[in-house]
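S.K.: coords please:
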Amino acid sequence: MSPSELERYLQQHIPLSAAMQVSVLEIQPDRVVLSAPLKPNINHRETVFGGSAAALAVLAAWSLVHTRLLRAGLPSRLVIQRNCMSFELPITGTFTASSRLAPTANWEQFLRILDRKRVARIAACCDLLFEGRTAGRFEGEFVALGPDNRVHSQRDGATSERAPDSR
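M.R.: Next comes the predicted model:
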């Protein structure tokens, strides 16, 4: 997948990315880098709104796992299960989010579990960068749901995806 293809995908399937004017700068096997300008993400203090900064970090980490799954021939529904975001500096201009798998993540084990159980978790990290400095850090866990992982809702009988119980 090329940067322009991923950018189109994000804009079509995650409309917030279009509103934020997210652009894909780089896709590598071990990282994805996204960028967003200040203007559509500004807050009342003329800095980037924390929610926009967190959203860019989630999008970058999600994009990394998504593109790796596609490359592995295992397209899956991918959802975030949990995350932690810290902010270190105010951002007053265009900023980037550079993602990578977490140091504890085992990609091969993740793929084996996904293939066998149709559901698996993987952790990813992201650094928010502004003017060459780290402005924030993100850590999150994503759940990949294989195509056969659907359950029926007891409420309305509709089919939906369900993340695995973490207990």
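S.K.: what's near enough to touch C125?
M.R.: When contacts are counted by Cβ atoms under 8 Å, 6 or more residues apart in numbering, C125 touches A61, S99, R100, L101, A102, P103, R137, F138, E139, G140. Glycine gets a C-beta too; all of them are placed from N, C-alpha and C.
S.K.: mind putting those residues into TSV with neighbour count?
M.R.: Formatted as TSV, the contacts of C125 follow (neighbours: other Cβ atoms under 10 Å):
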residue	neighbour count
A61	30
S99	25
R100	17
L101	19
A102	14
P103	7
R137	15
F138	22
E139	16
G140	23
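S.K.: closest to P3 out of those?
M.R.: S99 (13.7 Å; Cβ to Cβ).
S.K.: on the three-state scheme, the closest one is what?
M.R.: strand (DSSP: H, G, I helix; E, B strand; the rest coil).
S.K.: which residues touch it?
M.R.: For S99, the contact set (Cβ under 8 Å, 6+ apart) comprises R31, V32, V33, A57, A60, A61, S63, L64, A124, C125, C126.
S.K.: from V143, how far out is it?
M.R.: 17 Å (Cβ to Cβ, to the nearest Å).
S.K.: same thing with D30?
M.R.: Remark: distance between D30 and V143 (Cβ to Cβ) = 21 Å.
S.K.: look at these two and report which has more neighbours.
M.R.: Between D30 and V143, counting by other Cβ atoms under 10 Å, V143 is the more crowded of the two (23 against 10).
S.K.: wait, a helix at that one?
M.R.: No - going by three-state DSSP, the assignment for V143 is strand, not a helix.
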